[in-house]
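Asker: only geometry, no sequence info:
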C-alpha cells in the first residue's frame with residue numbers, strides 16, 4: 001500500500017509537470033504553412049520552438065506564393081490608437097538570404113500601424129527595435145516568411161500585396177535567389193528576444209536600440225559574433241520548479257495520511 005501511494009504521488013507530479021510546462025509553451029505563436037495545408041505555392045515548414053520571446057521555423061521549401069504562404073503570428077494583443085508601442089526582436093535566416101515582412105495592421109493592409117521588410121542575409125542576425133504611435137486599434141502581429149518575388153499585386157486573394165510592396169525596396173525580393181521559381185530552398189528562420197509593449201518613456205520596459213531602420217521601411221543587417229541571443233524565457237523552468245514543489249507536497253501529504 002505504501003509503495004502504491006508513492007507511485008501515485010510520482011505519477012501525479014509528472015503529470016503536473018508536463019501539464020504546466022505544456023501550458024507555458026503552448027500557442028505563444030500560431031502558424032500557417034501553405035504547403036503543409038495542401039496549397040502547392042505555399043511554404044513547407046515546421047515550428048520547432050515556440051515561446052513568448054521567440055520562435056524557430058525549420059523550412060524545407062519557402063514556396064513562391066508570397067510572404068503569406070508562410071506565416072508566424074501572435075494574436076490577442078491590445079493595441080490602442082494614439083498610444084506608443086515598442087517592438088524588439090532579433091531575427092536570423094541560417095542558409096539563405098531571405099526577406100521577411102513584419103506587419104502590425106489589418107488583413108487589407110490599409111489600416112497599418114507598422115509594416116517593414118527585413119533583409120535577413122544568410123547566417124547574419126538582424127535586430128529590430130522600433131517605437132511607433134498606433135493609428136488604429138489592433139490585436140495581431142504577423143511575420144510573413146513565405147517566398148515572395150514581388151509579383152502578387154494582381155492576385156485577388158493577396159489583399160495587402162499592393163500596400164506591402166510600397167514598403168519594399170525596388171527589387172525582386174526573394175527573386176535574387178538562384179533558381180528562385182523552384183522555391184525549393186531550405187533554411188531555418190528564428191526570432192529571439194521578442195518583446196512588445198509600451199516604451200520606457202511611457203512606463204514600459206523599454207529596450208536599447210541596436211538596429212538601423214531605413215526610411216523605405218527596410219531594416220539593415222546587423223552582424224553579430226554568433227546567432228545566439230538570450231531570450232530570458234524562464235517560464236518552463238519556473239513551472240517545472242513549481243511542479244517539483246507540488247510533487248513534494250503530494251508525497252508529504254501521502255506520508256502523513258499513512259502515519260495517521
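Answerer: Received it, and whenever you're ready, just let me know what you need. Everything quoted here is computed from the prediction, not taken from an experiment.
Asker: can you give me the helices in the stretch 101-250 of the chain?
Answerer: 161-167, 235-259 (DSSP state H, counting those that start in this stretch).
Asker: mean pLDDT lowest for which of those?
Answerer: Of all the helices of the stretch 101-250 of the chain, the minimum mean pLDDT falls on helix 235-259 (a mean of 40).
Asker: quick check: residue 30 touching residue 73?
Answerer: Yes. Counting by CB atoms under 8 Å, residue 30 touches residue 73, with 5.5 Å between them. The C-beta positions use only the backbone N, C-alpha and C, and glycine is treated the same way.
Asker: in the stretch 101-250 of the chain, where is pLDDT below threshold?
Answerer: Within the stretch 101-250 of the chain, the stretches with pLDDT under 70 are 180-181, 201-250.
Asker: can we see that at 80?
Answerer: Applying pLDDT under 80 to the stretch 101-250 of the chain flags residues 178-182, 200-250.
Asker: how about the strands in it?
Answerer: Ranges of strands in the stretch 101-250 of the chain, per DSSP state E, counting those that start in this stretch, are 112-120, 125-133, 141-144, 187-197, 218-219.
Asker: now these as JSON lines including mean neighbour count?
Answerer: Putting those into JSON lines (neighbours: other CB atoms under 10 Å) gives the following:
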{"stretch": "strand 112-120", "mean neighbour count": "21"}
{"stretch": "strand 125-133", "mean neighbour count": "19"}
{"stretch": "strand 141-144", "mean neighbour count": "22"}
{"stretch": "strand 187-197", "mean neighbour count": "20"}
{"stretch": "strand 218-219", "mean neighbour count": "20"}
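Asker: nearest to residue 45, of those strands?
Answerer: Across those, residue 45 has its closest neighbour in strand 187-197 (8.5 Å, CB to CB).
Asker: who are the packing partners of that closest one?
Answerer: strand 54-61, strand 84-93, strand 98-105 (3 or more CB pairs under 8 Å, 6 or more residues apart in numbering; DSSP states H and E).
Asker: mind doing that once more with 10 Å?
Answerer: The helices and strands touching strand 187-197, judged by 3 or more CB pairs under 10 Å, 6 or more residues apart in numbering; DSSP states H and E, are strand 44-51, strand 54-61, strand 70-74, strand 84-93, strand 98-105, strand 112-120, strand 125-133, strand 141-144.
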